[in-house]
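[1] This is the structure alone, sequence omitted:
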């Protein structure tokens, strides 16, 4: 979807090549079989660090603390925001007390320095109670 949004906002015509995950697509980027892909930082960062791929831009609304020199696409294409995120899901109708307990426990873990450090090592930033850490 990020690629489609990018094409629309940039008025480009790119060919979508579907893959079953990041790994096979990254193999083809490294091998020169495809020119560009949109991917999450955690799966691409190791290849960027060793020079096998070049991160051209990020899709969020602000530069990543992990890649502060990498521009965000919105710096060139105004209002471009295709931020990715992960969530924790529960069945419909879950008891609100259980939700509160889970929320507190998850936030407590995400606030731990060693957890935040580990997330940053693979290119992710944590959000606790709506605040980016």
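    Nice, thanks for sending it over. Quantities reported herein were computed from a predicted structural model and do not represent experimental measurements. Residues are numbered from 1 along each chain as shown.
[2] And stretch 69-77, what's buried?
    72-74, 77 (16 or more other Cβ atoms under 10 Å). Every residue, glycine included, has its C-beta placed from N, CA and C.
[3] what do you get for stretch 9-23?
    Going by neighbour count (16+ other Cβ under 10 Å), the buried part of stretch 9-23 is 9, 22.
[4] Quick one: mean pLDDT over it.
    Stretch 9-23 comes out with an average pLDDT of 91.
[5] gap between the two ends of that stretch?
    By Cα to Cα, to the nearest Å, the extent of stretch 9-23 from end to end equals 27 Å.
[6] Identify the residues contacting it?
    3-4, 6-7, 25, 28, 34, 36, 39-40, 43-44, 77, 79-80 (Cβ atoms under 8 Å, 6 or more residues apart in numbering).
[7] What remains of these if I keep only buried residues?
    Buried among those (16+ other Cβ under 10 Å): 3, 6, 25, 39, 44, 77, 80.
[8] Determine which two of these are furthest apart.
    With Cβ to Cβ as the measure, no two of the buried ones among the contacts of stretch 9-23 lie farther apart than 25 and 77, at 22.4 Å.
[9] Show the contacting residues for the residue sitting nearest the centre point of the chain.
    Nearest to the mean C-alpha position of the chain, counting by Cα atoms, centre = their mean, stands residue 40 at 3.9 Å. Contact analysis of residue 40 by Cβ under 8 Å, 6+ apart lists 22, 84, 123.
[10] So in this structure, where's the weakest helix or strand by average pLDDT?
    Across the helices and strands of the chain, mean pLDDT, DSSP states H and E gives its lowest value to strand 131-132, namely a mean of 56.
[11] For the chain, which segments count as strands?
    For the chain, the strands defined by DSSP state E cover 127-128, 131-132.
[12] Longest helix in this structure, please.
    helix 96-110 (DSSP state H).
[13] That one: how far from the chain's middle?
    Mean-position distance between helix 96-110 and its chain equals 23 Å (Cα atoms, centre = their mean, to the nearest Å).
[14] now do stretch 15-22
    16 Å.
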